[in-house]
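Colleague: I'd like to go over a predicted model; first the sequence, then the structure.
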Amino acid sequence: MSRAPQRGFLRDGMIYFKEDFEKLYKQGYGEIVGNELEIHPLEAVYLVWNQRVEVLDDRGNPLSLESLLGMILRDQGNFLKYIVYSDLRRRNRVVAYERATEFLRLYPKGASIGEASAKQLVLPLSEDQPVPHSYLLDSLEKAVRLRKELILAVVDDEMNVTYYTAEKFIPRPIKGDLSDIPHRSGVLIGDRVLVFENPGELHAKGFWGHPIGIAKPEPFKLYDSPLQLSLVEAIYLVSKGKMEVRDPGGNFLGIEELRRRFSQVRENSSIKERVHSYWRDLGYIPKAGSKYGVDYIVYEKGPGLEHAPYLCIAGPLDGSIKPVDLIRAGRLATSVRKELVVSLVSGEGVLNYKVSWFKP
């Protein structure tokens, strides 16, 4: 014989249980206030949906599920929270509603309230609603201060939820020395710079560019084929005094003119240049990442020596990103065993966070 639902009473916008509420509390529902268990309508909706409780109004009449949903739908953020909250509950996870923050608290598998502390904070996000990078970094800071891991819960139009961990990331510097890189002259053709004279050594010492006609260049091999460099690579070498670039007519092109040309062929060119320089200055080798839907594939040793450990999205700190773009890039990064790094330009510096797929 099934047990009758517990009765809670609506008062001042919250639902109160006066007795036999210990099990609900240990499962992460509500907060004990005085001698009662106080539950938020968001939590009550899930319990009513699963026929575990019944909520009565001040006249003793049962409140419908529609009425309770109406209470949380006044706040769009709460409804997004509810989708994630109910998804985690259906996965048999103990999750607690955070009333004063944008987070949900996720407890270890099999844990009860009072037996273990929450290890993760879950941040609900709408798939197509752009999120400021600064908001994500602020959320990361809050999680770090509380010694929790941040989980991004992205809700799509079908109310499916995809989860990713997010963490701050500081790449370790790799010994990088430009002293042995030879100085070369290049010709700007379209959005590429071609090196015709003694091109092999430039590629062999730092994986600059790509020898034309060679599908998969061997590391450190000296090729006689003309070398094709991306414009951002050429700009970096010019900035370091390792290259000069001319147009097909022989006219010298200074770095500002090269940057102007770069801005004509690439969106957010200054951001992409800054992020490219950031990784190169640390000793890494960033290469074009368009085949993965990102800005850069980032190598530690170089193509042909390893599988690149990182995919990188470049952006400004004061910009935003659609969570669906994080999902696409993050899913691909996971499938090719790479980590997704978002590199954000802030003044003269670059801040990073990593995103990885997570199964609750």
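Modeller: Received it, and whenever you're ready, just let me know what you need.

Colleague: hmm, who's touching stretch 273-292?
Modeller: 171, 173-176, 206-207, 230, 232-233, 235-236, 239, 259, 262, 295-303, 308, 311-312, 314, 329, 332-333, 336, 343, 345, 350 (Cβ atoms under 8 Å, 6 or more residues apart in numbering). The C-beta positions use only the backbone N, C-alpha and C, and glycine is treated the same way.

Colleague: which residues does P5 contact?
Modeller: When contacts are counted by Cβ under 8 Å, 6+ apart, P5 touches 48, 51-54.

Colleague: which strand is the longest one in this protein?
Modeller: strand 349-358 (DSSP state E).

Colleague: List the strands paired with it, with their directions.
Modeller: The pairing partners recorded for strand 349-358 under DSSP bridges are strand 161-168 (antiparallel), strand 339-346 (antiparallel).

Colleague: low pLDDT regions in the stretch 101-250 of the chain?
Modeller: Across the stretch 101-250 of the chain, nothing is flagged by pLDDT under 70.

Colleague: Mark which of the contacts of stretch 273-292 are buried, thanks.
Modeller: Buried by 16 or more other Cβ atoms under 10 Å: 171, 206-207, 230, 232-233, 235-236, 259, 262, 295-300, 302-303, 308, 311-312, 314, 329, 332-333, 343, 345, 350, out of the contacts of stretch 273-292.

Colleague: Out of those, which sit inside helices?
Modeller: Judged by DSSP state H, helices contain the following of those: 232-233, 235-236, 259, 262, 329, 332-333.

Colleague: Closest one to K81 out of those, please.
Modeller: For these, the closest approach to K81 (Cβ to Cβ) belongs to A329, at 24.9 Å.

Colleague: ok, that closest one - contacts?
Modeller: By Cβ under 8 Å, 6+ apart, the contact set of A329 is 292-294, 311, 313, 340, 355.

Colleague: Kindly report the same for D180.
Modeller: D180 touches K205, counting by Cβ under 8 Å, 6+ apart.

Colleague: any idea how far V350 is from V341?
Modeller: In this view, V350 and V341 are 10 Å apart by Cβ to Cβ, to the nearest Å.

Colleague: Apologies, that question was intended for S112.
Modeller: From S112 to V341 the distance is 37 Å (Cβ to Cβ).

Colleague: repeat for S335
Modeller: Taking Cβ to Cβ as the measure, S335 falls 16 Å from V341.

Colleague: Next: L125.
Modeller: 19 Å.

Colleague: Next, please give the residue ranges for the helices of this structure.
Modeller: 22-26, 41-49, 65-73, 76-90, 133-145, 200-204, 231-239, 255-265, 269-281, 323-335.

Colleague: Packing partners of the longest one?
Modeller: When you say that, I think you mean helix 76-90. Judged by 3 or more Cβ pairs under 8 Å, 6 or more residues apart in numbering; DSSP states H and E, helix 76-90 is in contact with helix 41-49, helix 65-73, strand 95-97, strand 104-106, strand 120-126, strand 149-155, strand 161-168.

Colleague: Quick one: closest of the ones you listed to L137.
Modeller: With respect to L137, and counting by Cβ to Cβ, the nearest of the helices and strands packed on helix 76-90 is strand 161-168 at 7.8 Å.

Colleague: Pull out the buried positions in that closest one.
Modeller: Neighbour-count burial for strand 161-168 [16+ other Cβ under 10 Å]: 161-164, 166.

Colleague: Serialize those to JSON lines and add fields for distance to E149.
Modeller: Below are the buried residues of strand 161-168 laid out as JSON lines (distance: Cβ to Cβ, whole Å):
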{"residue": "V161", "distance to E149": "17"}
{"residue": "T162", "distance to E149": "16"}
{"residue": "Y163", "distance to E149": "11"}
{"residue": "Y164", "distance to E149": "11"}
{"residue": "A166", "distance to E149": "9"}
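
Colleague: Looking at those residues, spot the one nearest P108.
Modeller: So of these, ranked by how close each gets to P108 (Cβ to Cβ), first place is Y163, at 15.3 Å.

Colleague: Mind listing the residues bridging to the closest one?
Modeller: Using DSSP bridges, the beta-bridge partners of Y163 come out as A153, F358.

Colleague: Is it in contact with V355, as I believe?
Modeller: No. Under the criterion of Cβ atoms under 8 Å, Y163 makes no contact with V355, lying 10.6 Å away.

Colleague: Find residues that contact each of those two.
Modeller: Joint contacts of Y163 and V355 (Cβ under 8 Å, 6+ apart) are L152.

Colleague: For the closest residue to W208 other than its chain neighbours, give its distance to G302.
Modeller: Distances taken as Cβ to Cβ, 6 or more residues apart in numbering place L202 nearest to W208, at 5.0 Å, with adjacent residues excluded. Here L202 is placed at a distance of 14 Å from G302 (Cβ to Cβ).

Colleague: One more: G319?
Modeller: G319 is 30 Å from G302, where distance means Cβ to Cβ.

Colleague: How about G254?
Modeller: According to Cβ to Cβ, G254 and G302 sit 30 Å apart.

Colleague: How about S112?
Modeller: S112 is 51 Å from G302, where distance means Cβ to Cβ.

Colleague: how many neighbours does L344 have?
Modeller: 24 (other Cβ atoms under 10 Å).

Colleague: for it, what are its contacts?
Modeller: Residues near L344 by Cβ under 8 Å, 6+ apart: 133, 137, 314-317, 319, 350-353.

Colleague: quick one, phi psi at G302?
Modeller: Phi and psi for G302, reported as degrees, to the nearest 10, are phi 140, psi 160.

Colleague: thinking again about what came up before, ok, S335 and V341, which is more surrounded?
Modeller: A count of neighbours by other Cβ under 10 Å puts V341 above the other of S335 and V341, at 24 against 9.
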